[in-house]
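A.B. asks: With the input below, show me the fold.
(one chain, ligands or ions: 1)
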Amino acid sequence: MAKYVFGIDLGTTYSCIAYVDETGRATVVNNSEGTNTTPSVVNFASPNQVVVGQVAKENAVIDPNNTISLVKTLMGKSDFATNYNGEDKSPEEVSAYILRKVTEDASKLIDAEVKDVVITCPAYFGTAERTATKNAGIIAGLNVLEIISEPTAAALYYGCAKEQDEKTILVFDLGGGTFDVTIMSISSEKIEVVCSDGNHELGGKDWDEAVMRYLAEEFIAQTGFDGEFDEYAQQDMRLKAEKAKQQLSSREEVPVMLDAAGLRARISLSRDKFDEITSTLLGEAIDKTDAAIAVAKDKGYAIDEILLVGGSTRMPQVTEALVSRYGMEPKILEPDEAVAKGAAIHAVNVYVNNQKSLEPDAAGETTVTVGGTTKEINADDYKEELAVQPEMMSIGGKTQKVVVATTKSFAVEVSVNNGSVCHNMIIKNQAMPDGSISVSEEFGTKDANQENVEIVVYESDFMDENFDIDPDLVLGTATLELSGDLPARAPIEVTFTLNTEGILEVSGVDKTTNREVHATMQSKGIMAVEKVDELKEKSKKMVVM
Ligand code: AMP
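C.D. replies: Predicted coordinates:
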């Protein structure tokens, strides 16, 4: 069997899988329904069967309580996404079924094992969300080579498409549930993230809701209906609102037929009206874009090109707003497929690079370095030759180095004259040229004879040097035990090391006695390894359709 590696765009509303085929082309694999994207909707149909995709999306109308959409918005934040049959289902488990659907369908269609994957996530995802995404892959039985940011993947695909001089591009990614703006500097050798911003609660679903509100008002005006829309009517309205919105991308006006409580109305929606009722939403995306451009400008970058990614950029209002604001015609980059295809290209790079670094260590064990961490592997797993050789890819064998930037700030709590503040050691949007960043700073103990020092770590979007304490932002605490006889202000060195996957290693050294503490910081929202293993076993027993 030919060996392939895959890229998966695990989207808020739709997911997509791609691979680089024998001819070196990034290609999307359709699902068993024959479409290139799969709705990220999961319906728990029975205790041992889950339905994923278009059928689940339609089931949402008849079985709303057992159907879950937009699970990505809960990644890393919530213990459970839904309750089925008396059992809480975590966002990781629900996402794993989406991954199983797209990988199992792809495996059947191209008759290949789908195991090694790169999964994408929004640029603003922090440690908890990235780890949750990786865990979803593990629960689905996959070997997750790396998690990369969606705009980086899109730029990789774009960057691979042609030779070019160095350029600064802005990736405007408006998907179903999230908005991401990322500015990157790209050349044929390197892709570097300059800065990123976004609103993870802004996406096509908000445009759907604006249309739903309009439809409800018109329905009431036409029929005189004065009750509440039941769940069935709301789901029906939601599907029709999304369909009308999509049709308005290519038509000036669409009719919508609505039935509720035995009443019927025919509502007409024009593109002008649609643009009017959604203008504040678009305004929010433009404001974020302005902010990102300002950060890039401070770093000396001016935008040469705007790339559109995400299904919602098909709305003509997006291009119109960007042209009028920035005087630049944006390029549309296969909105549904670019991210998965870029992830597939990255998967080849990661896989090939891993094979190269496959060497026995001092103890004779074989290790491989993935995402900055070295782990032991079964060498045979890595011996398989890929069906495609990178030389055959359109980049001609050149590996584009991907330089990412930090997507969050990491701070340590320090005492100041009148209390405590959070002091940022790593600041959001800092470049990570070697795939990781390490920062050390020296602080002093507060009191004489302190027994220990608590290194309290915060993860946030704040970019100032210091900011106010907020307990909700605590990532974790490492306790450095002291000898108990140090004077006040004894030097303590704190080091933060962040890797590309957003995992933070924290260490503290008492410079007087060289006592040390090391800790890996994981957010509260991160699932325990045992739980991931347990869910992986459970998932195997479920049939995904
Ligand atoms: P994504 O998360 O990138 O897959 O984007 C999905 C979002 O794109 C959903 O909200 C879709 O309704 C929206 N979308 C897809 N096609 C169109 C279209 N032709 N016009 C407007 N929105 C669209």
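A.B. asks: ranges for the helices of this protein?
C.D. replies: Using DSSP state H, the helices of the chain run over 54-62, 91-110, 127-139, 150-161, 204-223, 231-247, 271-277, 279-298, 316-326, 338-356, 529-540.
A.B. asks: tell me the centre residue of this structure?
C.D. replies: Centroid-nearest residue in the chain, with Cα atoms, centre = their mean: Cys121, separated by 1.7 Å.
A.B. asks: got the contact list for the spatially closest residue to that one that is not a sequence neighbour?
C.D. replies: Spatial nearest neighbour of Cys121, excluding adjacent residues (Cβ to Cβ, 6 or more residues apart in numbering): Thr133 at 4.9 Å. (Each C-beta comes from the backbone N, C-alpha and C, glycine too.) By Cβ atoms under 8 Å, 6 or more residues apart in numbering, the contact set of Thr133 is Leu10, Met75, Ser95, Ile119, Cys121, Phe125, Ile147.
A.B. asks: quick one: which of those sit in strands?
C.D. replies: Residues of the contacts of Thr133 located in strands (DSSP state E): Leu10, Ile119, Cys121, Ile147.
A.B. asks: In a markdown table, list those along with distance to Lys408 and pLDDT.
C.D. replies: As requested, these are exported to a markdown table (distance: Cβ to Cβ, whole Å; pLDDT from 0 to 100):
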| residue | distance to Lys408 | pLDDT |
| --- | --- | --- |
| Leu10 | 20 | 97 |
| Ile119 | 19 | 97 |
| Cys121 | 13 | 92 |
| Ile147 | 14 | 89 |
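A.B. asks: May I see those residues arranged in a markdown table, with distance to the ligand as well?
C.D. replies: Formatted as a markdown table, the ones in strands among the contacts of Thr133 follow (distance: Cβ to the nearest ligand atom, whole Å):
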| residue | distance to the ligand |
| --- | --- |
| Leu10 | 10 |
| Ile119 | 14 |
| Cys121 | 12 |
| Ile147 | 17 |
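A.B. asks: Quick one: residues contacting the residue of the stretch 401-545 of the chain found nearest the ligand.
C.D. replies: Of all residues in the stretch 401-545 of the chain, Thr407 sits closest to the ligand, at 18.9 Å by Cβ to the nearest ligand atom. Applying Cβ under 8 Å, 6+ apart to Thr407 gives the contacts Ala123, Tyr124, Phe125, Gly126, Ser149, Ser196, Lys428, Asn429, Gly502.
A.B. asks: Kindly reformat the residues you listed as TSV containing pLDDT, distance to the ligand and neighbour count.
C.D. replies: Converted to TSV, the contacts of Thr407 look like this (pLDDT from 0 to 100; distance: Cβ to the nearest ligand atom, whole Å; neighbours: other Cβ atoms under 10 Å):
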residue	pLDDT	distance to the ligand	neighbour count
Ala123	81	14	25
Tyr124	77	15	21
Phe125	82	14	26
Gly126	77	20	21
Ser149	87	14	30
Ser196	86	17	26
Lys428	87	24	22
Asn429	82	23	21
Gly502	68	21	24
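A.B. asks: circling back to that earlier point, just the contacts of Thr133 now: which is nearest Val414?
C.D. replies: Phe125 (27.2 Å; Cβ to Cβ).
A.B. asks: from memory the closest one sits against Met75, does it?
C.D. replies: Yes. Using Cβ atoms under 8 Å, Phe125 is in contact with Met75, at 7.4 Å.
A.B. asks: Can you report phi and psi for Asn514?
C.D. replies: Phi and psi for Asn514, reported as degrees, to the nearest 10, are phi 60, psi 20.
A.B. asks: Can you get me a residue count around it?
C.D. replies: If you count neighbours by other Cβ atoms under 10 Å, Asn514 ends up with 7.
A.B. asks: What of the one 3 residues further on?
C.D. replies: Neighbour count of Val517, defined by other Cβ under 10 Å: 18.
A.B. asks: go on, Asp470?
C.D. replies: Asp470, neighbours per other Cβ under 10 Å, totals 11.
A.B. asks: Model confidence for it, exactly?
C.D. replies: Predicted confidence (pLDDT) at Asp470: the value is 93.
A.B. asks: just Asn418 next, same as before
C.D. replies: 79.
A.B. asks: Then Val421?
C.D. replies: pLDDT at Val421 comes out at 93.
A.B. asks: List the contacts of the nearest residue to it once chain neighbours are set aside.
C.D. replies: Of all residues not flanking Val421 in the chain, Asn466 sits nearest, at 4.6 Å (Cβ to Cβ, 6+ apart). Applying Cβ under 8 Å, 6+ apart to Asn466 gives the contacts Val421, Cys422, His423, Asn424.
A.B. asks: what's the first-to-last distance across stretch 133-150?
C.D. replies: One end of stretch 133-150 sits 13 Å from the other (Cα to Cα, to the nearest Å).
A.B. asks: Would you mind listing the buried residues in that stretch?
C.D. replies: Residues of stretch 133-150 classed as buried: 133-142, 144-150 (neighbour count, 16 or more other Cβ atoms under 10 Å).
A.B. asks: I figured Cys195 hits Asp298, correct?
C.D. replies: No. Contact between Cys195 and Asp298 fails when scored by Cβ under 8 Å: they sit 9.1 Å apart.
A.B. asks: These two: which is more packed in?
C.D. replies: Cys195 (26 against 10).
A.B. asks: What's the per-residue pLDDT of the more buried one here?
C.D. replies: If you check Cys195, the pLDDT there is 89.
A.B. asks: Show me what it is bridged to.
C.D. replies: Beta bridges link Cys195 to Ile183 when assigned by DSSP bridges.
A.B. asks: again with the one 4 residues further on
C.D. replies: Per DSSP bridges, residues listed as beta-bridge partners of Asn199: Phe179.
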